[in-house]
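Engineer: Sharing a model prediction with you, sequence too.
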Amino acid sequence: MENGKIYLSPEYEVVRSDEKCIRCRVCERQCADDVHYYDADADRMCALDENCVNCHRCVSVCPTHALKIKVSENRFRENDNWSDTKVREVYLQANSGGVMLGAMGTPLKYPTYWDKILINASQVTNPSIDPLREPMETRTFLGKKNQKTVRDADGRLVTKFTSPQIELDAPIMFSAMSYGSISYNAHASLARAATELGICYNTGEGGLHEDFYPYGANTIVQVASGRFGVHADYLMAGAGIEIKMGQGAKPGIGGHLPGRKVGPDVSRTRMIPEGSDAISPAPHHDIYSIEDLRQLVYSLKEATAYRKPVIVKISAVHNVAAIASGIARSGADIIAIDGFKGGTGAAPSRIRDNVGIPIELALGAVDSRLREEGIRDEVSVVVGGSIHSSTDVVKAIALGADAVYIGTAALLALGCHLCRSCHKNNCNWGIATQNPTLVKRLNPDYGARRLVNLVSAWKHEIMEVMGGMGINSIEALRGNRLMLRGVDLNEKELEILGIKYAGESI
Amino acid sequence: MKRVFVNEEWCLGCRLCEYWCANANLGGKTASDMVRNLKGRKINARIRVEDGANDGKINFAVQCRHCYDPMCVKSCISGALSISDGVINVDTEKCVGCFTCVLTCPYGCVMPSDDGHVVQKCELCLSNAVGSPACVEHCPNHAIVYEERGVL
């Protein structure tokens, strides 16, 4: 219930250089939050600071660089215990009576283990490789690997996979982001880029828009607890099927796409009525055990004639290693683990900021556990949840991953400025919105180009770093934890990551 | 010959093209040039954004098409308008300000210049400091392109 006036000052302040402002009003036309307006009587541009989400659209388009968004200096009295944010949240909740909503990954300061892991390089006793002159393989196959070495009648090795695989030209995929949470043009960009790059993007739980079936070979189709848009053709359309059990940003809870984002196209794609809220329950109501999961895995395999590998995506939680072991035994081909820093289009921010564990530790624990149990080759492992750069990819693979999912990085490539307001359906960059006037701000010709550039650049860097280590394939890097050393980590962290401290020899 | 084209699907109606056009044709190139050139001035750009129907969801920037058989050149009584290498140029020394071209241009892309005595039109920024269409360079959504599309 709304309750009285809220005594909060605006978080941001729009600072305009009057010397530079030429009153072109581009800021006004481009701000979907109605911050800027022109006062004709005074011939000046004005701003409603309280509406600003600090997305930097106006800053980016202002032709004379007259704008600057400042974090307001109006803060509550300094207090290390009750920070401004914490006080503000109490005010907001006292006013609304609702849960705090947020979007994208947690902005809180948690350790980033990638930054505490260093990579090895060859010196003197082993040769490094120049990827510009020598072959370097970044291709990766995801899926159950053959358990036995088999030879044919002539004694030649049988190299054919016995289980379906997803082939990737680089060990990178675009994370699941549903059509609904992101725009048509964002999906178009991801689909085209994935196809050009020879990797996969992921539909997320919102079904596959009819226009994107031609990109099926580079699509992972997702089946989540809401089962939106799931039908036989959909399952057959992709390179693989992902069962979404959890998401790093909101482990243990479901999803909620507000009805205002469910327009005619989203409605048709999700197979739900226009304007209705799309609610994904927290659990799959038919899955309460590994045995139940196995039933769904095999239902999907049966429905696709055993031609599509099945991914089970979970969020990284405390018992992740045991859960992964169960998933590996459920018949799934691939396990995707989403760390607690992973992004979202909308989540209760308390959950996003406090639930789950770091992906690095989860990956270390899962890979070790699967190896100990002798079932590592039964499944591929894909990790996501704040992969920031090519070296994070290299570190993830050396820790034991087969490939990574990138979501936030992909959105950044599309122009996202991480203002974390996706849940408002008012994305000024045309990404997390269904408003047609905003959606057209993302031209997929250039969105796709920027995604291709990003992943190509990362691929080059991955080859450089691998070459430096004297490694010439992703295959040889995978789980090669001796290539990693930790800094600023305690014994327990090193143990879980399964790496040595910097300076320790083999 | 390369021409400027606008794809209305991606035109946002932000009007940055108009301001960069005005700036370029006043000899400017950079953001600070724009402050100097356009501060306190009503712009008279050679590219104009039309805000169409459909709740303003369609926008379209339009400027000289550089027609192969241009009405403006045919109608010019003083020989001020001419075609060189496909680009239609205006010689302001010869222009007498009769504005017949303004009336005949089917696209509304020839207009009186600020002083009202001669006409102005898009000359693709080929002879100003920018050197290639400023509207294309500064379109934030790549809606305006400069490309070869054969005979129109």
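Structural biologist: Thanks, I have the structure now.
Engineer: the helices in chain B, which residues?
Structural biologist: B:16-24, B:31-38, B:71-75, B:100-104, B:134-138 (DSSP state H).
Engineer: Relative to A:Cys21, which of those is closest?
Structural biologist: With CB to CB as the criterion, A:Cys21 lies closest to helix B:31-38 of the helices of chain B, at 8.5 Å. Where C-beta positions appear, they are placed from N, C-alpha and C, glycine not excepted.
Engineer: can you put the helices of chain B in JSON lines and add mean pLDDT and mean neighbour count?
Structural biologist: JSON lines is the format used below for the helices of chain B (pLDDT from 0 to 100; neighbours: other CB atoms under 10 Å in any protein chain shown):
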{"stretch": "helix B:16-24", "mean pLDDT": "97", "mean neighbour count": "26"}
{"stretch": "helix B:31-38", "mean pLDDT": "96", "mean neighbour count": "18"}
{"stretch": "helix B:71-75", "mean pLDDT": "96", "mean neighbour count": "18"}
{"stretch": "helix B:100-104", "mean pLDDT": "96", "mean neighbour count": "17"}
{"stretch": "helix B:134-138", "mean pLDDT": "97", "mean neighbour count": "22"}
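Engineer: As CSV, the ones you listed with distance to A:Pro10 would be great.
Structural biologist: Output for the helices of chain B, formatted as CSV (distance: least, CB to CB, whole Å):
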stretch, distance to A:Pro10
helix B:16-24, 27
helix B:31-38, 27
helix B:71-75, 52
helix B:100-104, 48
helix B:134-138, 30
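Engineer: residues from chain B in reach of chain A?
Structural biologist: B:9-10, B:12-16, B:19-20, B:23, B:31-32, B:34-35, B:38-41, B:43, B:56-57, B:138, B:140-143 (CB under 8 Å from any CB of the partner chain).
Engineer: 7 Å instead?
Structural biologist: B:9-10, B:12-16, B:19-20, B:31, B:34-35, B:38-39, B:57, B:140-142 (CB under 7 Å from any CB of the partner chain).
Engineer: Low-confidence ranges, chain A, go.
Structural biologist: Applying pLDDT under 70 to chain A flags residues A:1-4.
Engineer: In contact with residue 143: list those residues for me.
Structural biologist: You didn't pick a chain, so chain A it is. A:161, A:163-166, A:309, A:333-334, A:380 (CB atoms under 7 Å, 6 or more residues apart in numbering or on different chains).
Engineer: Correction: the question concerned chain B.
Structural biologist: B:Ala143 touches B:6-7, B:10-11, counting by CB under 7 Å, 6+ apart.
Engineer: What are the buried residues along the longest helix seen in chain A?
Structural biologist: Scanning chain A for the longest helix, with DSSP H as the assignment, gives helix A:444-469. Neighbour-count burial for helix A:444-469 flags A:444, A:447-452, A:454-455, A:458-469 (criterion: 16 or more other CB atoms under 10 Å in any protein chain shown).
Engineer: In terms of secondary structure, what does it contact?
Structural biologist: Counting contacts by 3 or more CB pairs under 7 Å, 6 or more residues apart in numbering or on different chains; DSSP states H and E, helix A:444-469 packs against helix A:184-197, helix A:390-399, helix A:408-413.
Engineer: what does chain A have sitting close to chain B?
Structural biologist: A:20, A:22, A:24, A:26, A:29-30, A:61, A:63-65, A:436-437, A:440-441, A:443, A:445-446.
Engineer: Try it again at 8 Å.
Structural biologist: A:19-20, A:22, A:24-26, A:29-30, A:60-61, A:63-65, A:436-437, A:440-443, A:445-446.
Engineer: Can you tell me which of the contacts of A:Gly143 is nearest A:Tyr213?
Structural biologist: A:Ile166 (17.5 Å).
Engineer: residues contacting the nearest residue to A:Asn453 once chain neighbours are set aside?
Structural biologist: Using CB to CB, 6 or more residues apart in numbering or on different chains and skipping residues adjacent in sequence, the residue nearest A:Asn453 is A:Ala413, 7.5 Å away. A:Ala413 is in contact with A:447, A:450-451, A:453-454, counting by CB atoms under 8 Å, 6 or more residues apart in numbering or on different chains.
Engineer: and the nearest residue to A:Leu399 once chain neighbours are set aside, helix, strand or coil?
Structural biologist: In this structure, A:Leu399 finds its nearest non-sequential neighbour in A:Leu363, 5.1 Å apart by CB to CB, 6+ apart. Counting by DSSP: H, G, I helix; E, B strand; the rest coil, the backbone at A:Leu363 sits in helix.
Engineer: check contacts around A:Leu363.
Structural biologist: Taking CB under 8 Å, 6+ apart as the test, what A:Leu363 contacts is A:337, A:381, A:383, A:396, A:399-401.
Engineer: can you put the residues you listed in a markdown table and add neighbour count?
Structural biologist: A markdown table is the format used below for the contacts of A:Leu363 (neighbours: other CB atoms under 10 Å in any protein chain shown):
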| residue | neighbour count |
| --- | --- |
| A:Ile337 | 30 |
| A:Val381 | 26 |
| A:Val383 | 31 |
| A:Ala396 | 25 |
| A:Leu399 | 29 |
| A:Gly400 | 23 |
| A:Ala401 | 28 |
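Engineer: Now flag whichever of these is closest to B:Gly86.
Structural biologist: A:Ala396 (54.4 Å).
Engineer: contacting residues for residue 23?
Structural biologist: If you meant another chain, say so; for now it's chain A. Applying CB under 8 Å, 6+ apart, the residues contacting A:Arg23 are A:38, A:43-45.
Engineer: wrong one, chain B
Structural biologist: A:63, B:29, B:33-34, B:37-38, B:134 are the contacts of B:Asn23 under CB under 8 Å, 6+ apart.
Engineer: do that again at 7 Å, thanks
Structural biologist: B:Asn23 touches B:33-34, B:37-38, B:134, counting by CB under 7 Å, 6+ apart.
Engineer: hang on, B:Arg15 packs against A:Cys27?
Structural biologist: No - counting by CB atoms under 7 Å, B:Arg15 does not reach A:Cys27; the two are 11.2 Å apart.
Engineer: who's more crowded, these two?
Structural biologist: A:Cys27 (26 against 23; other CB atoms under 10 Å in any protein chain shown).
Engineer: Can you give the domain ranges for chain A?
Structural biologist: Domain assignment for chain A by automatic domain parsing gives A:12-98, A:171-463.
Engineer: Buried deepest among the ones you listed, which one?
Structural biologist: Among these, ranked by average contacts under mean count of other CB atoms under 10 Å in any protein chain shown, first place goes to domain A:171-463 (a mean of 22).
Engineer: can you map out the helices along the stretch 151-300 of chain A?
Structural biologist: In the stretch 151-300 of chain A, the segments counted as helices under DSSP state H, counting those that start in this stretch are A:184-197, A:232-237, A:264-270, A:290-303.
Engineer: Which elements pack onto the last one?
Structural biologist: Spelled out, that is helix A:290-303. helix A:232-237, strand A:240-244, strand A:310-315.
Engineer: Give me the angle between the second one and helix A:290-303.
Structural biologist: Counting by axes from the mean of the first three to the mean of the last three CA atoms, to 10 degrees, strand A:240-244 lies at 150 degrees to helix A:290-303.
Engineer: what helices or strands is strand A:240-244 leaning on?
Structural biologist: For strand A:240-244, the packing partners by 3+ CB pairs under 7 Å, 6+ apart are strand A:219-223, helix A:290-303, strand A:310-315.
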